[in-house]
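S.K.: Give me coordinates for this.
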Amino acid sequence: MGLMRAIRRGLFLIALLPALAAAQQPAVNLGFTSFLDGGAPAGPGFYFQEYLEYYTADSLKNQHGNDTNLLKDLNVWVSLNQLIYASDQKLLGGNWGVDLIVPLVSLDVDPEVGSPLSSNHQGLGDIVIGPFLQWGPIMGAKGPIFMHRVEFQNLIPTGKYDDDHILNPGSNFYSLDPYWAATVFLGPKAELSWRVHYLWNAKNDDPNKLLSNNAEDTQAGQAVHLNFASSYEVVEKMLRLGISGYYLKQFTNNEANGQGIADSREQVLAIGPGALFSFSQDDHIFVNTYFQTAVENRPSGMQFNLRWTHHF
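M.R.: All right, here's what the predicted structure looks like:
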């Protein structure tokens, strides 16, 4: 009887591997940025941004969007410490700059009975660094009409990682995640912003053996993800209210030993209210809340983001 239970448990876990394999995707910008994303609020110079995120989920979805009954509760705290230098020197018509993000991550998972989910607790996440070009705003008769930026973000595998755990602060592989961010002004008070990323991941040469079915290496599939937001100025130069969201769609399968894993593609859509408080041209606080839906092969829940932007 013990042998049969072990066999049944092994078959059960193998059947859930596509859903668990989605955990290979690295942590990326899902909702960290929102309103007026296409430009810097105070022009060239040094900026510091502090992001605080709390994410909670009580369900891990499979490829059909159904609950796998593996997760009871997941709580994630993230602190992103970002330093930006925006130069006043021109390159290809825009101003060049460089961006550095150092994340600190805390993971607390409460799995269902018999679930293999476990976390590697607190530690350094994967450092992000990227050069960018920021173009100045296109002006109209009543003010700015459009502003935008491109950045070639690199996710460096510096984060804490242990192949004994399914959830880790770090991914243990390099990722390229370039983006285009833009803001369109719909009048003197309203704006629409977006940030569109393409995500490519290198191989993980030390994957979790359960997720990979003892593979020597794994590779998370390619994906696109975007943040979108719209706000309206309700108090001049002081307060904007709006709505924001994000969407991630993985369009190639994860791989193990170079072979595709069927039904392993991730998807998530989230949307919620937000506000932007401006204390001066140099200090701003963004508040955003997101409720997730249309989730496939990843946890499903809600998140709260707080961001402080300071220009020196």
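S.K.: quick one: low-confidence parts of the stretch 1-150 of the chain?
M.R.: Applying pLDDT under 70 to the stretch 1-150 of the chain picks out residues 1-23.
S.K.: ok, now with 50
M.R.: Counting by pLDDT under 50, the stretch 1-150 of the chain has low-confidence residues at 1-17, 19, 22-23.
S.K.: where exactly do the strands run in it?
M.R.: In chain order, the stretch 1-150 of the chain shows strands spanning 45-60, 71-91, 94-111, 122-124, 127-140, 143-151, with DSSP state E, counting those that start in this stretch as the criterion.
S.K.: in its sheet, what does the first one sit against?
M.R.: Note on strand 45-60: by DSSP bridges, its sheet partners are strand 71-91 (antiparallel), strand 299-311 (antiparallel).
S.K.: Tell me which of the strands of the stretch 1-150 of the chain lies nearest to residue 309.
M.R.: For residue 309, the closest of these is strand 45-60, at 5.1 Å, according to C-beta to C-beta. In short, each C-beta sits where N, CA and C put it, glycine included.
S.K.: Convert that closest one to PDB, retaining C-alpha atoms only.
M.R.: Taking only C-alpha atoms (Å, rounded to 0.1, in the frame of the first residue of the first chain), the coordinates of strand 45-60 have been written out as PDB:
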ATOM      1  CA  GLY A  45      20.000  64.500 -13.200                       C
ATOM      2  CA  PHE A  46      20.100  61.800 -10.500                       C
ATOM      3  CA  TYR A  47      16.900  60.100  -9.300                       C
ATOM      4  CA  PHE A  48      16.300  57.700  -6.400                       C
ATOM      5  CA  GLN A  49      13.200  55.500  -6.300                       C
ATOM      6  CA  GLU A  50      12.100  53.300  -3.500                       C
ATOM      7  CA  TYR A  51       9.400  50.700  -4.300                       C
ATOM      8  CA  LEU A  52       7.500  48.600  -1.700                       C
ATOM      9  CA  GLU A  53       5.300  45.800  -2.900                       C
ATOM     10  CA  TYR A  54       3.100  43.400  -0.900                       C
ATOM     11  CA  TYR A  55       1.700  40.500  -2.900                       C
ATOM     12  CA  THR A  56      -0.700  37.900  -1.500                       C
ATOM     13  CA  ALA A  57      -2.200  34.800  -3.200                       C
ATOM     14  CA  ASP A  58      -4.300  31.900  -2.000                       C
ATOM     15  CA  SER A  59      -4.300  29.900  -5.300                       C
ATOM     16  CA  LEU A  60      -1.900  28.400  -7.800                       C
END
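S.K.: All set, thanks.
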